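**Q** The sequence isn't on hand, but the structure is:
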């Protein structure tokens, strides 16, 4: 259960951090390789997660505030008719199956499709919960406190979040441009 809650918390934090961060100035230049962008984004996410974990570990009051937010989010998701814990359980199960070498190519694509569906379901549940003003306020307060604690752990936090947003926008532009060429 702790891992599932942590997973839900990571969704909340990464989405919130990117949404609340100041934008970086747009970079000029040619189209970057999408695979390179994805790798750079992964490295940034890992470094941000390390700063977040350190901030949470070093701030018991922040951990408590995060747990309260998670409880509110879960309650709001359930009130909207979603079962977030079931989705998280299924996501974990699908990830384990995908990591096993037993899945054949056809089976793997079915697992990936189901994983995507469960992730979308969880995202819809979060969006529904975020319509609740109490959840919005709790999330905003938590994100402000968390980002401040992350900045204390890693002074590059804002720069990394801005860079992550910029790379995501670049990736979206590439995908949009390539889909228009077909």
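**A** On my side now, so go ahead. None of the values given here were measured: they were computed from a predicted structure.
**Q** how far does stretch 95-105 stretch from start to finish?
**A** 15 Å (Cα to Cα, to the nearest Å).
**Q** What average pLDDT does it get?
**A** Averaged over stretch 95-105, pLDDT sits at 80.
**Q** Give me the distance between it and the centre of its chain.
**A** From the chain centre to the centre of stretch 95-105 is a distance of 23 Å (Cα atoms, centre = their mean, to the nearest Å).
**Q** and the residue nearest to residue 115 when sequence neighbours are not counted, what does it touch?
**A** Spatial nearest neighbour of residue 115, excluding adjacent residues (Cβ to Cβ, 6 or more residues apart in numbering): residue 94 at 4.4 Å. Placement of C-beta: from N, CA and C, glycine included. Shown in contact with residue 94 (Cβ atoms under 8 Å, 6 or more residues apart in numbering): 111, 114-115, 118.
**Q** OK, contacts around residue 56?
**A** Shown in contact with residue 56 (Cβ under 8 Å, 6+ apart): 62-63, 66, 146, 149.
**Q** Make a ChimeraX selection of whichever of these turn out to be buried.
**A** Selection of the buried residues among those in ChimeraX, burial being defined by 16 or more other Cβ atoms under 10 Å:
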select :62,66,146,149
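**Q** Just the ones in helices from the contacts of residue 56, please.
**A** Using DSSP state H, the members of the contacts of residue 56 that fall in helices are 62-63, 66, 146, 149.
**Q** hmm, which helix or strand of this structure has the shakiest average pLDDT?
**A** helix 2-20 (a mean of 51; mean pLDDT, DSSP states H and E).
**Q** quick one: buried residues of the helix or strand where residue 68 lies?
**A** Using DSSP states H and E, the element containing residue 68 is helix 60-79. Within helix 60-79, the residues scored as buried using 16+ other Cβ under 10 Å are 62, 65-66, 69-70, 72-74, 76-77.
**Q** Okay then, goodbye and thanks.
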